[in-house]
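Participant: Give me the fold of what follows.
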Amino acid sequence: VVQIVHGPVKTKTRMLEKVEVIKQELVRRGEPIREALPLSGLILDPVRATVVLDSAQAVAAHTEWLVENGPSLGLPVVRVKNKFGLAPEDSVEFDGYRDVMVCVLFTGERGLRVIGEVQLQERRMAALKAG
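Facilitator: Below is the predicted model of the structure:
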């Protein structure tokens, strides 16, 4: 059984908060802050949805399908972040939470492009997150 949960559009306030976090992370890593480029372009989840699946195998299969078929659906994949692939010591930041985040690029009729995020997760993780 596949369940799709649509998330709310990220608010301007939350996007500004994320831009500040991104700036801090760039400084921490010693990378230059490119003021000429809009840092808002680094926000990859202003529009998001979650796909809840029954197993890690189903998450892997649906991720593979989305990567392969996204372009023909008008949703080419621009980034995949697989938290299942993290070593246990690296997953501390996420408190053991595991999912796959797939960022897709949507281009509207007038050429406006928006990156959205599709989170693919196991049902038991969705229950923990909700609860």
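
Participant: Convert the helix or strand of the chain with the lowest mean pLDDT to PDB, retaining C-alpha atoms only.
Facilitator: Ranking every helix and strand in the chain by mean pLDDT, DSSP states H and E puts helix 123-130 at the bottom, with a mean of 80. Extracted in PDB, the C-alpha atoms of helix 123-130 (Å, rounded to 0.1, in the frame of the first residue of the first chain):
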ATOM      1  CA  ARG A 123       5.500   3.200   7.200                       C
ATOM      2  CA  ARG A 124       7.100   2.700  10.700                       C
ATOM      3  CA  MET A 125       9.300   5.800  10.200                       C
ATOM      4  CA  ALA A 126       6.200   7.800   9.200                       C
ATOM      5  CA  ALA A 127       4.400   6.600  12.300                       C
ATOM      6  CA  LEU A 128       7.400   7.700  14.500                       C
ATOM      7  CA  LYS A 129       7.600  11.100  12.800                       C
ATOM      8  CA  ALA A 130       3.900  11.700  13.200                       C
END
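
Participant: who does the residue nearest to H6 when sequence neighbours are not counted bridge with?
Facilitator: Among residues not flanking H6 along the chain, A49 sits closest, at 5.0 Å (C-beta to C-beta, 6 or more residues apart in numbering). The C-beta positions use only the backbone N, C-alpha and C, and glycine is treated the same way. When assigned by DSSP bridges, A49 has beta-bridge partners H6, V118.

Participant: Surely A49 touches Q121?
Facilitator: No. Contact criterion C-beta atoms under 8 Å: A49 and Q121 do not qualify, at 11.3 Å.

Participant: So these two - more neighbours on which side?
Facilitator: Between A49 and Q121, counted using other C-beta atoms under 10 Å, the more crowded position is Q121 (24 against 14).

Participant: what residue ranges in the protein are flagged as low confidence?
Facilitator: Filtered on pLDDT under 70, the chain yields the residue ranges 35-37, 86-96, 131.

Participant: Break down it into its strands, ranges please.
Facilitator: Listed in chain order, the strands of the chain (DSSP state E) span 3-6, 47-53, 77-82, 100-107, 113-122.

Participant: what pairs with the fourth one, and is each one parallel or antiparallel?
Facilitator: Going back to what we said before, that points to strand 100-107. In the sheet, strand 100-107 lines up against strand 77-82 (antiparallel), strand 113-122 (antiparallel) (DSSP bridges).
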